[in-house]
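*Asks:* model this:
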Amino acid sequence: MEVFYYMVFGVMAAIVAALELSKTNKDRINTSSSFNSFKNNYLVVFSIMMAGDWLQGPYVYYLYSTYGFGKGDIGQLFIAGFGSSMLFGTIVGSLADKQGRKRACVTYCIVYILSCITKHSPQYRVLMVGRILGGIATSLLFSAFESWLIAEHNKRNFDQQWLSLTFSKAVFLGNGLVAILSGLFGNLLVDTFSFGPVAPFDAAACILAIGMAIILTTWSENYGDPSDSKDLLTQFKVAAIAIASDEKIALLGAIQSLFEASMYTFVFLWTPALSPNDEEIPHGFVFATFMLASMLGSSLAARLMARSSLRVENYMQIVFLVSAASLLLPITTSVLVTPSKVKEEGLSLTSSIQLLGFCVFEACVGIFWPSIMKMRSQYIPEEARSTIMNFFRVPLNIFVCIVLYNVDAFPITIMFGMCSIFLFVASILQRRLMVISEKPKGEEWSPMKDRNSEVDPLTL
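*Replies:* Numbering: from 1, shown residues only. Below you'll find the predicted structure:
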């Protein structure tokens, strides 16, 4: 492995360690012992849930290929997963508000365990069912747990600023450290012990079962709107009205969709960008480096959110601009340096520059997650939190399905350019969100329920 990989990994690790060890009182939030117990319990559960997800990720495509399926068949399986998350996941996720967030979290564990079990079958139909179950589980993972946390946090009357501490730690652990350890453990099972490509899925099922046991024994139930008068269709209507009648919620949904669409597209693009002529690159090591960069970002976010004088809405504009610039690097390098058509022995100069840019983007991802969680806790109404959060994921899933279906139709530079445009637009929308969030309440959009739609129609 080239020295450059070790150098980038080492620098990232040193920066993360320095950030964590150099925190002063200004960077820390003073909390109570009861909150620390609550926070630690949630972080343990969330880390276990993320471990169950991260263990599977690197081996899904590989497992399908070992069963003899080609790129087209595998692409259809992935599309089914995102489509399931958009359709069924939205319905199941919205039920969390009515039936209970704890039940939804337990449902996530059960559904994902069933998805893991299907990986033992080489039958295409069974694998398709597994992808559909996985899509439902993904929707629950990114809505039910956060909804439970916010409701329980408020129910126990903890300080609102303490939420940012839980969010940043959840991203630091769940999207950083746990991802790295899961990747190493999966590699140990498949390559070192030669248990085969199904082993990580079996390990994930066991880990999810442990997490489910902790939820069942330590978590209390909470709801959005438990009233019997609202059916599922009414719940959808309430969520849609909330988004349409509150500009802050609409902007937040658009910002989230634009950033996550760029992020998921990046997942498909970074490998061909770094190895344009099928050069050998250490995928696992590069992935671990990206996760370190994400940890760096979440550590920075914790410092930023610890300062009561600095609003999330302010600094996220800069984060989106930096992330847009970082994904422009593949275009910039292809213009300044003529791309080589010859397979090189190691990492080329352009690929080295792009790797550094991608690490910057992953650091922005690390800042994004706790920051968007903080804004969602402020703007999304409690009674329809899970439903609205799953509504936000609908345009994301549509976009990813389109990208997967047309992944070979456009040059990679066009795809990166599109992602940069999305991120630049997200920065503009973030600017608008900052402006209207600072206005007095009377100057914002009037809620739809206070309007007479026939006399005073809502104009966007």
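
*Asks:* residues contacting R131?
*Replies:* With contact taken as Cβ atoms under 8 Å, 6 or more residues apart in numbering, R131 is in contact with 77-78, 80-81, 84, 115. Where C-beta positions appear, they are placed from N, C-alpha and C, glycine not excepted.

*Asks:* report the secondary structure state of N30.
*Replies:* N30 falls in the coil class when you classify it by DSSP: H, G, I helix; E, B strand; the rest coil.

*Asks:* hang on, the earlier thing: show me the two of the contacts of R131 that sit farthest apart.
*Replies:* Among these, the pair separated by the greatest distance (Cβ to Cβ) is F78 and S115, at 13.6 Å.

*Asks:* more neighbours: the two, which one.
*Replies:* Counted by other Cβ atoms under 10 Å, F78 and S115 do not tie: S115 has more neighbours, with 26 against 21.

*Asks:* isn't that one right up against L140?
*Replies:* No: with contact defined as Cβ atoms under 8 Å, S115 and L140 do not form a contacting pair (11.7 Å).

*Asks:* hang on, the earlier thing: in helices, which of the contacts of R131 fall?
*Replies:* 77-78, 80-81, 84, 115 (DSSP state H).

*Asks:* quick one: which of those residues is nearest to L269?
*Replies:* Among the ones in helices among the contacts of R131, and counting by Cβ to Cβ, the member closest to L269 is F78, at 14.6 Å.

*Asks:* please name the nearest non-neighbouring residue to the closest one.
*Replies:* Closest residue in space to F78, ignoring its immediate chain neighbours: L404 at 5.6 Å, by Cβ to Cβ, 6 or more residues apart in numbering.

*Asks:* the one you found: what's it in contact with?
*Replies:* L404 neighbours (Cβ under 8 Å, 6+ apart): 75, 78-79, 82, 268.

*Asks:* for Y379, same thing?
*Replies:* Taking Cβ under 8 Å, 6+ apart as the test, what Y379 contacts is 246, 248-249, 252.

*Asks:* can you lay out these as JSON lines showing neighbour count, secondary structure and pLDDT?
*Replies:* Converted to JSON lines, the contacts of Y379 look like this (neighbours: other Cβ atoms under 10 Å; DSSP: H, G, I helix; E, B strand; the rest coil; pLDDT from 0 to 100):
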{"residue": "D246", "neighbour count": "20", "secondary structure": "coil", "pLDDT": "93"}
{"residue": "K248", "neighbour count": "19", "secondary structure": "helix", "pLDDT": "95"}
{"residue": "I249", "neighbour count": "23", "secondary structure": "helix", "pLDDT": "95"}
{"residue": "L252", "neighbour count": "24", "secondary structure": "helix", "pLDDT": "95"}
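
*Asks:* remind me which residues of the stretch 101-250 of the chain are low pLDDT?
*Replies:* 225-230 (pLDDT under 70).
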